[in-house]
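Sequence first, predicted model second:
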Amino acid sequence: MSIRERFSGNEAVSIAIKQINPDVMAAFPITPSTEIPQYVSSYVANGEIDTEFVAVESEHSSMSACIGAQAAGARSMTATSSCGLALMWEMLYVAASLRLPITMPVVNRALSGPININNDHSDSMGARDTGWIQMYAENAQEAYDNMIQSVRIGEHKDVLLPVMTCQDGFITSHAVENINILETEKVKAFVGEYKAEKYLLNPEENISMGPYDISAYYMEHKYQQAVSMENAKRVIAEVASEFETLSGRKYDFIEEYKMDDADFAIVIIGSSAGTAKDAVDELRNEGIKAGLVKIRIFRPFPAEEIVKALKNVKVVGIMDKAEGYSNNGGPLGAEVKAALYGNVTGVKAVNFVYGLGGRDVKIESIKTVFEQLLEVDKTGKVPAHYQYLGLRK
Amino acid sequence: MCMKDNKMKGITPESTYDQMTPGGAIYGSGNSEFFNTGDWRVAIPAWIEENCKHCLLCVPVCPDSSIPVKDGKRLDFDFDHCKGCGICYKACPFKAITFEKDGK
Ligand code: SF4
Ligand code: SF4
């Protein structure tokens, strides 16, 4: 029996961490993820968990401490947002290339400047090519569920990659929602004990990690990471199906909402998917065949699943909560279009940059997107293949 | 796919990606000996054996462990690894080490 509770996204993720009881949590506070290390440090102080809490002086150090601890053989976690994630940049690559399955909740916030503490995806989208697996949650429930699954995915012997589980700053992290949590024993049984095959503190075997890699070997090591990212697709699906048996909650790479006969669809990530589903419902009531694809896993990118979902639509709106400054749209737009290229013909695409720096996204805002998609279908012309939603100009 | 376990010595520039260890980890210790750090240097120390009192003050200060010791006495430099930093030259109280531009 699961337990009905009401938690904010930050609290939900902290509860998941408490139930997992990692060996090490090294973190530095930054809005809006600060509550996560704050909650976890109080669980430690209250003796509820025996995690070693390392209060570091920066996020470069928190990721470095996690790398050292995980390499030593300890299950390690941290949490961050925005500029904190940016300060970890160098170490994100090191964690992934050393094949250390660190897990990290990222509470998405705009990456300055101008300085802004509210939600968009510019922080984690910037980290999309670091070699980390990226999972995105629509709400607190998914943030909790993703956190638990992330540990199993990253630590799988065919994966061994770090995982960031993202949720939207304030919108998800600070809003209190009804959620179902699992019993702690069940979570513990699900994640199991962390047993690294190769680790620095093994008295039985000497090992050097992170040595200088010369050109004769570097490409093969990068390809190993690519193979693991490919393996992650299989493992993510396996873990999701085991999690479904445990919790009754079903997860996939993408969530398709009213896509079966959809002519017009949007592709979206995170909390705005909830708002957009309401817009889809309203449009359906008006007789418009609207649908939605929500991305849960961004790395590895679910190209096949997206192609399958979109192959019969007339016009798709791809929603980016981050700029790409390519003059050609945002990162999600680029990746979705790349996935469609050569696999689907006749689907027109418009890329929207929306919700930057916490700009409110309402049902009406999403409906204006669909209005444009309908217009594209009517005229047969895509007026601007990339535009800002709700921009004053 | 699972990476095969490989000791460092089994891996060569001909090895395929799946024969190599994840992340290039080396399963074994003492491997820095296999890397000849001394293949170039700007200056080079020379040992004047007749001045040497075998006090061994030069030995622990060498950052590259390039002054071998046998039966309590130092031997000539290990030039495969000596980086030519001159620390031993500064440490020697008996003018038993010179330090000159490497003519190589
Ligand atoms: S010059 Fe430097 S590296 Fe060479 S033997 Fe002396 S201390 Fe060691
Ligand atoms: S410090 Fe000088 S005298 Fe002492 S062992 Fe080294 S070379 Fe010889």
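Thanks, I have it. Ligands and ions are numbered 1, 2, ... in the order given.

how's chain B carved up into domains?
Chain B breaks down into these domains under automatic domain parsing: B:1-35, B:36-104.

Next to chain A, which bits of chain B? Give me the list.
Selection of chain B residues close to chain A by C-beta under 8 Å from any C-beta of the partner chain yields B:1-3, B:11, B:13, B:15-18, B:20, B:22-31. Glycine gets a C-beta too; all of them are placed from N, C-alpha and C.

show me where chain B has helices.
For chain B, applying DSSP state H gives helices covering B:58-61, B:87-91.

Pull the distance from the shortest one to the chain's centre.
Translated: helix B:58-61. Counting by C-alpha atoms, centre = their mean, to the nearest Å, helix B:58-61 is centred 13 Å from the centre of its parent chain.

Need the nearest residue in space to A:Gly317, chain neighbours excluded.
The shortest distance from A:Gly317 to any non-neighbouring residue, by C-beta to C-beta, 6 or more residues apart in numbering or on different chains, is to A:Ile266 (4.3 Å).

closest one to A:Ala127 among the helices of chain B?
helix B:87-91 (41.8 Å; C-beta to C-beta).

Can you pull the phi/psi pair for the nearest residue to A:Gln225 once chain neighbours are set aside?
Of all residues not flanking A:Gln225 in the chain, A:Gly131 sits nearest, at 5.3 Å (C-beta to C-beta, 6+ apart). Dihedral pair for A:Gly131: phi 100, psi 10, per degrees, to the nearest 10.

ditto for the one 3 residues further on
Listed backbone geometry of A:Gln134 is phi -120, psi 120, with angles given as degrees, to the nearest 10.

returning to what we had before: quick one: the helices of chain B as TSV, columns for mean pLDDT and mean neighbour count too.
Below are the helices of chain B laid out as TSV (pLDDT from 0 to 100; neighbours: other C-beta atoms under 10 Å in any protein chain shown):
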stretch	mean pLDDT	mean neighbour count
helix B:58-61	98	16
helix B:87-91	98	17
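
CSV for those, including distance to ligand 2?
Formatted as CSV, the helices of chain B follow (distance: least, C-beta to the nearest ligand atom, whole Å):
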stretch, distance to ligand 2
helix B:58-61, 3
helix B:87-91, 6
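
and the residue nearest the centre of chain B, what is it in contact with?
For chain B, B:His81 is the residue whose C-alpha lies nearest the centre (C-alpha atoms, centre = their mean; 3.0 Å). The neighbours of B:His81, taking C-beta atoms under 8 Å, 6 or more residues apart in numbering or on different chains as the test, are B:Glu33, B:Asn36, B:Thr37, B:Gly38, B:Asp64, B:Ser65, B:Ser66.

quick one: it from B:Asp39, how far?
For B:His81, the distance to B:Asp39 (C-beta to C-beta, to the nearest Å) stands at 10 Å.

sorry, back to before: could you grab the helix/strand/coil label for the residue nearest to A:Gly317?
The three-state label given to A:Ile266 by DSSP: H, G, I helix; E, B strand; the rest coil is strand.

Now A:Phe301: closest residue in space, sequence neighbours ignored.
Using C-beta to C-beta, 6+ apart and skipping residues adjacent in sequence, the residue nearest A:Phe301 is A:Glu335, 5.5 Å away.

So what's the residue count around A:Ala279?
Number of residues near A:Ala279 (other C-beta atoms under 10 Å in any protein chain shown) recorded here: 23.

pLDDT weak spots in chain B?
Filtered on pLDDT under 70, chain B yields the residue ranges B:1-9, B:104.

close enough to count as contact, A:Phe264 and A:Val315?
Yes: taking C-beta atoms under 8 Å as the definition, A:Phe264 is a contact partner of A:Val315 at 5.5 Å.

picking that back up, test my guess that the residue nearest to A:Gly317 contacts A:Leu292.
Yes: here A:Ile266 reaches A:Leu292: they are 5.5 Å apart, a contact under C-beta under 8 Å.

Overlap in contacts, the two.
A:Ala276.

quick one: the helices in chain A?
A:9-20, A:35-45, A:59-72, A:82-87, A:89-97, A:122-126, A:140-155, A:184-191, A:215-247, A:272-285, A:303-310, A:331-340, A:363-379.

between those, which gets nearest to ligand 2?
Judged by C-beta to the nearest ligand atom, the one of the helices of chain A that comes nearest to ligand 2 is helix A:59-72, at 36.2 Å.

elements contacting that closest one?
Under the contact criterion of 3 or more C-beta pairs under 8 Å, 6 or more residues apart in numbering or on different chains; DSSP states H and E, helix A:59-72 touches strand A:24-27, strand A:52-55, strand A:76-77, helix A:82-87, helix A:89-97.

Output it as CSV - backbone C-alpha positions only.
The C-alpha atoms that make up helix A:59-72 are tabulated as CSV, following Å, rounded to 0.1, in the frame of the first residue of the first chain:
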residue,chain,number,x,y,z
GLU,A,59,29.2,23.4,-6.6
HIS,A,60,32.5,22.7,-8.3
SER,A,61,33.4,21.1,-5.0
SER,A,62,30.1,19.4,-4.5
MET,A,63,30.4,17.6,-7.8
SER,A,64,34.1,16.9,-7.1
ALA,A,65,33.3,15.4,-3.7
CYS,A,66,30.6,13.2,-5.3
ILE,A,67,33.2,12.1,-7.9
GLY,A,68,35.7,11.2,-5.2
ALA,A,69,33.2,9.5,-3.1
GLN,A,70,31.6,7.5,-5.9
ALA,A,71,35.0,6.5,-7.2
ALA,A,72,35.8,5.3,-3.7
